[in-house]
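S.K.: kindly generate the corresponding structure for this input.
(chains A and B)
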Amino acid sequence: AQSVAQPEDQVNVAEGNPLTVKCTYSVSGNPYLFWYVQYPNRGLQFLLKYITGDNLVKGSYGFEAEFNKSQTSFHLKKPSALVSDSALYFCALMYNNNDMRFGAGTRLTVKP
Amino acid sequence: GAVVSQHPSWVICKSGTSVKIECRSLDFQATTMFWYRQFPKQSLMLMATSNEGSKATYEQGVEKDKFLINHASLTLSTLTVTSAHPEDSSFYICSRLAGGTYNEQFFGPGTRLTVL
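M.R.: Reported below is the predicted structural model:
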């Protein structure tokens, strides 16, 4: 069965510190993984994706994610957090070409 | 800029009435669009896949007679919540594919429905 898990409901970091938002997945076949961000009362914005190739993927707003096949993980990272990064982050797994399954979401709070 | 729009952004209605939500692809002819539902502090749940010119494909457990989807043109999909009840109150979000295969979806800004 295809699934994606975000083990942390909430992540708190201080501004300027590195941040990590965790995601693990389970899929039969090749994983196609995505990260989205959602601001209050807004739709989702695409950050980055892993389809194939380099395990380190760079995306929007200075975010990057590392695909780790042996650990079945796709953690989102940023070297230096900003207060404006505070939002809800979703990891997503694509299967059957276009169907997408979302993780439960992780609320990131960056404190000044 | 936005590539998917939704209208209205919020709506309040009385129990028993029907509400129509529009989703427009602004820059791309989308043969397929998606409708999601999001409860407070929860993830997105796919309700249905909207197919231009044919019937929508509903996810298991979603009542097709209650959530009517029409995809009459390549740029417009509509979701009508019929005979709305308070438990239908939610945040409804539509999306379209970026194009090609294994590509991201572009999401609309969402519509918050409150049923009194």
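
S.K.: hang on, A:Asp9 packs against A:Gly103?
M.R.: No - A:Asp9 lies out of contact with A:Gly103 (C-beta atoms under 8 Å); the separation is 10.8 Å. Yep, even glycine has a C-beta here, placed from its N, CA and C like the rest.

S.K.: now the one residue in chain A that gets nearest to chain B, nearest residue through space, not along the chain?
M.R.: Chain B sits closest to A:Gly43 of chain A, with a gap of 3.6 Å, by C-beta to the nearest C-beta. Leaving aside its sequence neighbours, A:Gly43 sits nearest to B:Phe107 (C-beta to C-beta, 6 or more residues apart in numbering or on different chains; 3.6 Å).

S.K.: please apply the same query to B:Pro8.
M.R.: B:Thr111 is the one closest to B:Pro8 (C-beta to C-beta, 6+ apart), at 6.1 Å.

S.K.: now the one you found: phi and psi?
M.R.: Per-residue torsions, B:Thr111: phi -130, psi 120 (degrees, to the nearest 10).

S.K.: distance of the residue nearest to B:Thr75 when sequence neighbours are not counted from B:Glu104?
M.R.: What sits nearest to B:Thr75 in space, not counting adjacent residues and going by C-beta to C-beta, 6+ apart, is B:Ser25, at 4.9 Å. The spacing between B:Ser25 and B:Glu104, counted by C-beta to C-beta, to the nearest Å, is 14 Å.

S.K.: in the sheet, who's paired with the residue in chain B that chain A sits nearest to?
M.R.: Going by C-beta to the nearest C-beta, chain A is nearest to B:Phe107 of chain B, at 3.6 Å. Beta-bridge pairing of B:Phe107 under DSSP bridges involves B:Ser95.

S.K.: so who does it touch?
M.R.: Contacts for B:Phe107 (C-beta atoms under 8 Å, 6 or more residues apart in numbering or on different chains) come out as A:36, A:43-45, B:4, B:93-95.

S.K.: specify which member of those is nearest to A:Tyr89.
M.R.: Of all those, A:Tyr36 has the smallest distance to A:Tyr89: 7.3 Å, by C-beta to C-beta.
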